[in-house]
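>>> Here's my sequence, what's the structure:
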Amino acid sequence: MSSPPPGLAYLRAQIARTEGEGRRTSGVLPFGLPDLDRRLPGGGLALGCLHEVAGGGNGAVDGAAAACFAAGIAARLPGPVLWCVIQADLFAPGLAQAGLPPGRVIHVEAGDERDV
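Presented below is the predicted three-dimensional model:
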């Protein structure tokens, strides 16, 4: 069997670096949904890492749904959660309804994506 073209090998190495292959993590948090977990490196979201969660559109409903999704994931783990946003749109009572109490959230309003 021949080796892949150099361009393909380079692209695979770039993807591996982006996905964090070879880095030591504190484990993963699986979703418990086999179709989803098998598509994530390590079988879940890497713990102790930065994750970006965004809604599918530009509306407030999409952003709120994404925030509740992320809060529900974070609520499954103990300890503080660093929550970085670009604008003041975090609704603490909504996070609490998703199981993430405000006392666990360290809220950072960075102003722009570069600063986040």
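
>>> Distance check, residue 115 against residue 55.
Here residue 115 is placed at a distance of 21 Å from residue 55 (C-beta to C-beta, to the nearest Å). Yep, even glycine has a C-beta here, placed from its N, CA and C like the rest.

>>> er, residue 17 I mean
Using C-beta to C-beta, residue 17 is found at 27 Å from residue 55.

>>> So for those two, which residue has more residues nearby?
Per other C-beta atoms under 10 Å, whichever of residue 17 and residue 55 has more neighbours is residue 55, with 15 against 11.

>>> How many residues are close by the nearest residue to the more buried one once chain neighbours are set aside?
Once flanking residues are discounted, residue 55 sits nearest to residue 62: 2.8 Å by C-beta to C-beta, 6 or more residues apart in numbering. Residue 62 has 13 neighbouring residues, counting by other C-beta under 10 Å.

>>> element containing residue 62, please.
helix 60-75 (DSSP states H and E).

>>> what sits up against that helix?
Helix 60-75 is contacted by residues 29, 45, 51, 53-56, 81, 89-91, 94-95, 97-100, 104 when judged by C-beta atoms under 8 Å, 6 or more residues apart in numbering.
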